[in-house]
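Participant: no FASTA, just this:
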């Protein structure tokens, strides 16, 4: 996957959490999303693959690619890099 125009692909870390026994619980936050960076555009020096970032809940767009769901955000949407 090649990212363009300051786009960053991420996985939503707060989307679902599996509990013991196989139960799946939603764990969305009210104001922000916690994401794990998977792909970055060439020349990006703010984040790298594997970084955890925080963005506003309304930031990004959900895109299914190859059977997996990604959140694609712009670099300027990042509030915090962990």
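Facilitator: Okay, I see it. Keep in mind that this is a model prediction, so the values were computed, not measured. Residues are numbered from 1 along each chain as shown.
Participant: what's the burial count for the nearest residue to residue 31 once chain neighbours are set aside?
Facilitator: Distances taken as Cβ to Cβ, 6 or more residues apart in numbering put residue 57 closest to residue 31, at 6.0 Å, once the chain neighbours are dropped. Quick note: C-beta positions are derived from backbone N, CA and C, even for glycine. Per other Cβ atoms under 10 Å, the neighbour tally for residue 57 reads 12.
Participant: Does residue 57 touch residue 33 like I think?
Facilitator: Yes: here residue 57 lies in contact with residue 33, judged by Cβ atoms under 8 Å, at a distance of 5.6 Å.
Participant: what's the offset of the longest strand seen in the chain from the middle of its chain?
Facilitator: Criterion DSSP state E: the longest strand present in the chain is strand 32-40. Put simply, strand 32-40 sits 3 Å off its chain's centre (Cα atoms, centre = their mean, to the nearest Å).
Participant: Check which element follows that strand along the chain.
Facilitator: strand 52-56 (DSSP states H and E).
Participant: So which elements touch the helix or strand following that following strand?
Facilitator: Downstream of strand 52-56, the first helix or strand assigned by DSSP H and E is strand 61-65. Under the contact criterion of 3 or more Cβ pairs under 8 Å, 6 or more residues apart in numbering; DSSP states H and E, strand 61-65 touches strand 68-74.
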